[in-house]
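A.B. asks: pasted the sequence and its predicted model underneath.
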Amino acid sequence: MLASVATQPAAAAEGRPYTNPIKSQKGADPWLEYYNGNYYLVTTSFTGVLTMRKSPTLAGLSTAASVQVWSDTTATRNTNFWAPELHFFDGRWYLYYSAGQSGVACCDSQRTYVLESAGTDPMGPYTFKNQLSGSNLTPGGWLIDASVLRHDNKLYLLGSGFINGSTQSLVIAPMSNPYTLSSSTFSIISSPTLSWETSGGAVNEGPEPLYRNGRTFLTYSASACGTPDYKLGQLELTGSDPLLASAWTKKQTPVFQRDDAAGVYGPGHNGFFTSPDGTENWIVYHGNSAANGGCGNARTTRAQKFTWNADGTPNFGTPVALGTTLPGPSGETAATPTAYTLVNRNSGKCLDVEGGNTADGTNIFQWSCNGGANQKWRIEDLANDTSRLVNVATGKVMDTAGCASADGTDITQWSWLNNNCQKYRLVHTATGDYVRIVNESTGKVADVANCSTANGADVRQWSWLNNNCQQWKLQPVT
């Protein structure tokens, strides 16, 4: 199963309405999969953490919780996580990304890595599997924007790199399995030689396969990512050996680019996915809303449906202006979630603001789940790998009392002060949709006192013990 496998479009019922952007915080280099009833979205973080969003509708991704699925403290690969991609092979997910070395100036230390899931859950848990490097990549194995090509029942690693003093080009190497190269030598299949590939710098990057009716296309991003003229080009595999540049035919004009009238600049680094019913083809990409938006976190994640030309090539159209409401992918049947209940794994009870009281300092405890607004929480991404948990009934946020760091410190609600005591990381645990809720100031987690199952049992912070009393299920509600 690959999201980039295109299907034959057919008439189908429209999905839930959505509006771009579908992610406005850390939205660069998006990868989106639809799997088993949910969309999964992962993007560049620029840190040593990868977060993922999950929603049954495309519209719901814009407010879905950002859950940490991977972090790394290994100094050689614990910063500048770029361009993560998910691919499913033989019952497991493989997460490819590039990362840099701690303490080294950006970005000569970027190398490509791959993680492997324990099972079929796209959110993991993941284990580190391998570094994917080439002996002829310079400097020292530099490689970004990895993707996987399937051809003739074989796998190939695609990426962007330099070989023998080349410009930044699209490169490829054969694989023996999803986490191992069968050759350490990469070959170039496309270099930036056309005028529209060299705006602000000569760059080919972000290769993404697209398959339809026995044909293999490869979109890629061209020109420097910080310019408004970052755009998509296209190759087609017209020969039999994808390792040879001569087997690829480059389209001489861009296939997706800026639209000043729509206020979209630098659209690029895309992925592909199909609608839930399999009848529609969609592109996900990032873009800027200003010509000087740059190559950082100003870029947001956008998605739109595309069609096919009479000659069998993809027609991506033009990027849609932000704020335009469009029909979602066909086959969506679930309602779009608006918030979450947080259900304790041990007790089965919900995180609750006592009595729905709006006062600062009101206690947060557990109570039998009853659908009340005081048991519903908006989880709002703060664009720094943390979120704030906002109670729907009161508008106040989860807070560690007095910013104390001791085990047993009470967790209450408080007006938003934008301090680290009110910021949390939701970290995916070993199974299901359970997370630990980690305070950014203290590093401690939300814990039900003494593992009680009683209504009114206090929720406090405690050191992580990896027990069920410290795990919470994210249950979407509408």
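C.D. replies: Received it, and whenever you're ready, just let me know what you need.
A.B. asks: please look at residue 31 and residue 86 and confirm they touch.
C.D. replies: Yes. Look at residue 31 against residue 86 with C-beta atoms under 8 Å: they come within range, at 6.0 Å. Placement of C-beta: from N, CA and C, glycine included.
A.B. asks: who's more crowded, those two?
C.D. replies: residue 31 (28 against 25; other C-beta atoms under 10 Å).
A.B. asks: in stretch 407-424, what counts as buried?
C.D. replies: Residues of stretch 407-424 classed as buried by neighbour count (16 or more other C-beta atoms under 10 Å): 409-414, 421-424.
A.B. asks: now it: mean pLDDT?
C.D. replies: Model confidence over stretch 407-424, given as mean pLDDT, is 98.
A.B. asks: CA atoms only for it - export them in PDB, please.
C.D. replies: C-alpha atoms of stretch 407-424 as PDB (Å, rounded to 0.1, in the frame of the first residue of the first chain):
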ATOM      1  CA  ASP A 407       6.000  14.900  42.500                       C
ATOM      2  CA  GLY A 408       2.400  15.300  43.700                       C
ATOM      3  CA  THR A 409       2.000  19.000  42.600                       C
ATOM      4  CA  ASP A 410      -1.600  19.600  41.800                       C
ATOM      5  CA  ILE A 411      -2.900  20.200  38.300                       C
ATOM      6  CA  THR A 412      -5.500  22.900  38.000                       C
ATOM      7  CA  GLN A 413      -6.900  25.200  35.500                       C
ATOM      8  CA  TRP A 414      -5.700  28.800  35.000                       C
ATOM      9  CA  SER A 415      -6.000  31.700  32.700                       C
ATOM     10  CA  TRP A 416      -3.500  31.500  29.800                       C
ATOM     11  CA  LEU A 417      -0.100  33.100  30.800                       C
ATOM     12  CA  ASN A 418       2.000  31.600  28.100                       C
ATOM     13  CA  ASN A 419       4.500  30.000  30.400                       C
ATOM     14  CA  ASN A 420       6.000  26.500  30.300                       C
ATOM     15  CA  CYS A 421       4.000  25.300  33.300                       C
ATOM     16  CA  GLN A 422       0.900  25.500  30.900                       C
ATOM     17  CA  LYS A 423       2.500  23.800  28.000                       C
ATOM     18  CA  TYR A 424       2.500  20.100  27.400                       C
END
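A.B. asks: can you pull out the residues in contact with it?
C.D. replies: 353, 360-364, 382, 384, 386-391, 394, 396-403, 437-442, 444, 446, 449, 458-463 (C-beta atoms under 8 Å, 6 or more residues apart in numbering).
A.B. asks: filter those residues down to the buried ones and express that as a ChimeraX selection.
C.D. replies: In ChimeraX, a selection of the buried entries from the contacts of stretch 407-424 looks like this (16+ other C-beta under 10 Å):
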select :353,362,363,364,384,386,387,388,389,390,391,394,396,397,398,399,400,401,437,438,439,440,441,442,444,446,449,458,459,460,461,462
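A.B. asks: which of the contacts of stretch 407-424 fall in helices?
C.D. replies: Among those, DSSP state H puts none in helices.
A.B. asks: before we move on, the earlier item: which neighbours do residue 31 and residue 86 share?
C.D. replies: By C-beta under 8 Å, 6+ apart, the residues touching both residue 31 and residue 86 are residue 42.
A.B. asks: ok, then the element right after the helix or strand hosting residue 210?
C.D. replies: Using DSSP states H and E, residue 210 sits within strand 204-212. The helix or strand immediately downstream of strand 204-212 is strand 215-222, counting by DSSP H and E.
A.B. asks: partner strands of that next one, parallel or antiparallel?
C.D. replies: Looking at strand 215-222 with DSSP bridges, its partner strands are strand 204-212 (antiparallel), strand 231-237 (antiparallel).
A.B. asks: how about it, which residues are buried there?
C.D. replies: Neighbour counts over strand 215-222 (16+ other C-beta under 10 Å) mark 216-222 as buried.
A.B. asks: which one of the residues you listed sits closest to residue 81?
C.D. replies: residue 221 (18.0 Å; C-beta to C-beta).
A.B. asks: the nearest residue to residue 50 once chain neighbours are set aside: helix or strand, and which one exactly?
C.D. replies: Among residues not flanking residue 50 along the chain, residue 70 sits closest, at 4.4 Å (C-beta to C-beta, 6 or more residues apart in numbering). Following DSSP H and E, the helix or strand that holds residue 70 is strand 67-71.
A.B. asks: paired strands for that strand, with orientation please.
C.D. replies: If you go by DSSP bridges, strand 67-71 pairs up with strand 49-55 (antiparallel), strand 424-428 (parallel).
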